[in-house]
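1. Structural data only, the sequence is not supplied:
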């Protein structure tokens, strides 16, 4: 009996060792919870990409060097993640080249990885010193020239993959050498997606705002036609809808520019005469938008009170201004996003 008891105790101790080792194993996902700093890099087409351009999306960031020995683990993980989330506008991938960063090399390397240019960004900076400083300060990743100048390891750098949430916070990191790095990040990405209070994709908001502007313009024209045909009740309904759509646009616009962009203005990249045209339209659109808001509310109140004389007198001026603001809102969107 004592011998049997001793054997049972020994088996219990042996069986608990793997569980204890697993318990003491360091976590594969390291929580960071620190904001990404400001950065400004060029993509392979020479377009400027900054931290604010990625606000509203979940993204994975890495540093790499084409042909680097260390990157032989991180690049395949990024490729696997892209396949897991291919076509998902809410998730993006950012690879920052630390050397050999001319656009031709960068584009060729990206195509070799079958990278989707709308989802997997390859960024670089021709000033290598500035690039390394930015990577260190903005992403808190180590990077430095290898003093031994070893082939395939010219630059010593971190191979961690960073997960950044829609608010620009570095949620945590995973070592790219881990066999299950892609699976770990997929799990963490889903966790971030689940805890978003508002499932808004920042890149879709400008298009959504343009749709609201276009809808408001259409309703205004329909409302004008209805009153010309003496359908007063339908006119009121349609004009109330136009006011509601315009208010929805204003709310969405303010959310995008202050919550997503942090109050910074949009950048127009056109040059020459088109730049003058853009800012002329934007200036008149902005000034008249401020003017039409109180006018629209005033004529709505007057119309609902059946103060028709006052309503008609102010509406003659309000309608063309309101219509101009709605149409130029769509034009501004097209000039910013739709000309490429």
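-> Now that the structure is in, tell me what you want to look at. Being a predicted model, the structure only gives us computed values, none of them experimental.

2. just checking, residue 267 is part of a helix?
-> No - Residue 267 is assigned coil when assessed by DSSP: H, G, I helix; E, B strand; the rest coil, not a helix.

3. what pLDDT does it get?
-> Note on residue 267: pLDDT of 72.

4. Backbone dihedrals for it, please?
-> With angles defined as degrees, to the nearest 10, residue 267 sits at phi -100, psi 130.

5. How much space separates it from residue 253?
-> Using C-beta to C-beta, to the nearest Å, residue 267 is found at 17 Å from residue 253. No exception for glycine: its C-beta is placed from N, CA and C like everyone else's.

6. And the two? Which one has more around it.
-> Set residue 267 next to residue 253 and count neighbours by other C-beta atoms under 10 Å: residue 253 wins out with 18 against 10.

7. tell me the pLDDT at the more buried one?
-> In this model, residue 253 is scored at 87, pLDDT.

8. cool, residue 134 as well?
-> 89.

9. Just to check, it is in contact with residue 36?
-> No - between residue 134 and residue 36 there is no contact under C-beta atoms under 8 Å: 10.8 Å.

10. Spell out the residue ranges of the strands in the stretch 1-150 of the chain.
-> Counting by DSSP state E, counting those that start in this stretch, the stretch 1-150 of the chain has strands at residues 30-35, 40-42, 48-50, 58-64, 91-97, 120-123, 143-150.

11. Ok, which of those strands comes nearest residue 177?
-> Nearest to residue 177, of all these, is strand 58-64, at 12.3 Å by C-beta to C-beta.

12. Give the other helices and strands that that closest one contacts.
-> If you count contacts as 3 or more C-beta pairs under 8 Å, 6 or more residues apart in numbering; DSSP states H and E, strand 58-64 packs onto helix 71-85, strand 91-97, helix 128-139, strand 160-164, helix 181-194.

13. so can I have CSV of those showing distance to residue 246?
-> Shown next, in CSV, are the helices and strands packed on strand 58-64 (distance: least, C-beta to C-beta, whole Å):
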stretch, distance to residue 246
helix 71-85, 35
strand 91-97, 32
helix 128-139, 38
strand 160-164, 34
helix 181-194, 31
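
14. export those to JSON lines and tack on mean neighbour count and distance to residue 217?
-> Formatted as JSON lines, the helices and strands packed on strand 58-64 follow (neighbours: other C-beta atoms under 10 Å; distance: least, C-beta to C-beta, whole Å):
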{"stretch": "helix 71-85", "mean neighbour count": "19", "distance to residue 217": "36"}
{"stretch": "strand 91-97", "mean neighbour count": "22", "distance to residue 217": "32"}
{"stretch": "helix 128-139", "mean neighbour count": "17", "distance to residue 217": "41"}
{"stretch": "strand 160-164", "mean neighbour count": "24", "distance to residue 217": "37"}
{"stretch": "helix 181-194", "mean neighbour count": "18", "distance to residue 217": "34"}
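
15. Which one of those lies nearest to residue 308?
-> Ranking the helices and strands packed on strand 58-64 by their distance to residue 308 (criterion: C-beta to C-beta) puts helix 181-194 first, at 51.9 Å.

16. quick one: contacts of the closest one?
-> Helix 181-194 is contacted from outside by 28-29, 58, 60, 73, 77, 80-81, 84-85, 90-91, 161, 163, 165-166, 171-172, 174-175, 178, 199, using C-beta atoms under 8 Å, 6 or more residues apart in numbering.

17. could you point out which element follows that helix?
-> Using DSSP states H and E, the helix or strand that follows helix 181-194 in sequence is helix 205-228.

18. List the buried residues of that following helix.
-> Of all the residues in helix 205-228, those buried under the rule 16 or more other C-beta atoms under 10 Å are 205-206, 208-210, 212-217, 219-220, 222-224, 226-227.

19. Same check on stretch 51-67?
-> 51, 53-66.

20. same check, this time on stretch 250-258
-> Per 16+ other C-beta under 10 Å, stretch 250-258 contains these buried residues: 252, 253, 255, 256, 257.

21. any chance of those in a markdown table, with distance to residue 323 too?
-> Formatted as a markdown table, the buried residues of stretch 250-258 follow (distance: C-beta to C-beta, whole Å):
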| residue | distance to residue 323 |
| --- | --- |
| 252 | 20 |
| 253 | 18 |
| 255 | 24 |
| 256 | 23 |
| 257 | 23 |
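
22. and which of those residues is nearest to residue 104?
-> For the buried residues of stretch 250-258, the nearest to residue 104 is residue 256 (34.8 Å; C-beta to C-beta).

23. Can you name the residues that contact the closest residue to the closest one other than its chain neighbours?
-> Closest residue in space to residue 256, ignoring its immediate chain neighbours: residue 205 at 4.4 Å, by C-beta to C-beta, 6 or more residues apart in numbering. Contacts of residue 205 were listed using C-beta under 8 Å, 6+ apart, and they are 56, 252, 255, 256, 260.

24. Surely the second one is in contact with residue 210?
-> Spelled out, that is residue 252. No - Residue 252 is beyond contact range of residue 210, at 10.4 Å (criterion: C-beta under 8 Å).
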